[in-house]
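*Asks:* got a predicted structure plus its sequence, pasted below:
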Amino acid sequence: MSQPPAYTPVGAGMPDILDAFYGFLSTYLVRYVPAENIIRGWENRYALPSGTNDYIIYTLSGSSRVGTNALSEVSADGTMTFSTLFEGTVQIDFCSDTEASRLWAAYCDSLLRSPVGPAFFAPYGFSSTYTDNPVSVEYADGSDQYVKRTTLTVHVCYTLTSTVALEYAERVRLSRLENVDAHHKP
């Protein structure tokens with residue numbers, strides 16, 4: 001017979017980093033690239049925009065744990081929450097037929113390395129910490145024409161929370177208290 005777990009899973013949570021990056025990119029780069037050409041990567045649900053090579057693709061490309069769990073006290077509802085600090089990376093690919101992709105990446109890099117980036121992401125519950133230098137990676141499209149692509153890797157810091165319910169008693173009623181050693185000799 002299996003025992004029920006001492007800790008009952010309640011849930012986990014983390015900031016919606018990709019939604020926040022869409023908000024950032026569509027706020028600061030919409031004058032260069034239309035919002036419908038800012039595409040969440042790894043979805044495989046969207047075709048690239050037709051008739052233009054001016055678009056941005058962003059992807060949460062990785063994460064690693066950077067701290068030990070922090071434990072909250074048992075709350076009034078009998079739950080405990082563990083918080084774990086993570087560093088994540090978001091890859092942003094700026095694509096264009098012209099050198100404009102380099103300008104867009106440099107502009108985005110400049111904003112993310114200034115107070116603008118952390119201030120924008122604070123309401124989402126995380127922070128941009130730094131960026132790697134933009135890198136140019138051209139490729140050939142379906143018509144064998146070169147497309148300028150500049151990649152920017154953004155490092156973010158966020159907290160993952162894990163909540164469990166803990167069974168415990170606040171009051172105990174004893175009907176009989178006895179000294180076991182006195183009444184039950186070895």
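*Replies:* Nice, I can see it.

*Asks:* where does Ser162 fall, phi/psi-wise?
*Replies:* phi -130, psi 130 (degrees, to the nearest 10).

*Asks:* specify the beta-bridge partners of it.
*Replies:* Judged by DSSP bridges, the bridge partners of Ser162 are Ala12, Phe82.

*Asks:* quick one: the helices in this structure?
*Replies:* For the chain, applying DSSP state H gives helices covering 17-28, 100-112, 116-121, 180-183.

*Asks:* neighbours of the residue nearest to Arg102 when sequence neighbours are not counted, how many?
*Replies:* Spatial nearest neighbour of Arg102, chain neighbours left out: Thr150 (5.0 Å); criterion: Cβ to Cβ, 6 or more residues apart in numbering. All C-beta spots, glycine's among them, are computed from the backbone N, C-alpha and C. If you count neighbours by other Cβ atoms under 10 Å, Thr150 ends up with 24.

*Asks:* related to what we said a few turns ago, quick check: which of the helices of the chain is buried the most?
*Replies:* Among those, helix 100-112 has the highest mean neighbour count (mean count of other Cβ atoms under 10 Å), at a mean of 19.

*Asks:* need the contact list for the residue nearest to Arg102.
*Replies:* Each residue near Thr150 by Cβ atoms under 8 Å, 6 or more residues apart in numbering is listed here: Asp93, Phe94, Ser101, Arg102, Trp104, Ala105, Pro134, Val135, Ser136, Val137.

*Asks:* repeat that with 10 Å
*Replies:* 92-96, 99-106, 108-109, 134-138 (Cβ atoms under 10 Å, 6 or more residues apart in numbering).

*Asks:* equivalent analysis for Ser114, please.
*Replies:* Ser128 are the contacts of Ser114 under Cβ under 10 Å, 6+ apart.

*Asks:* understood, closing this out.
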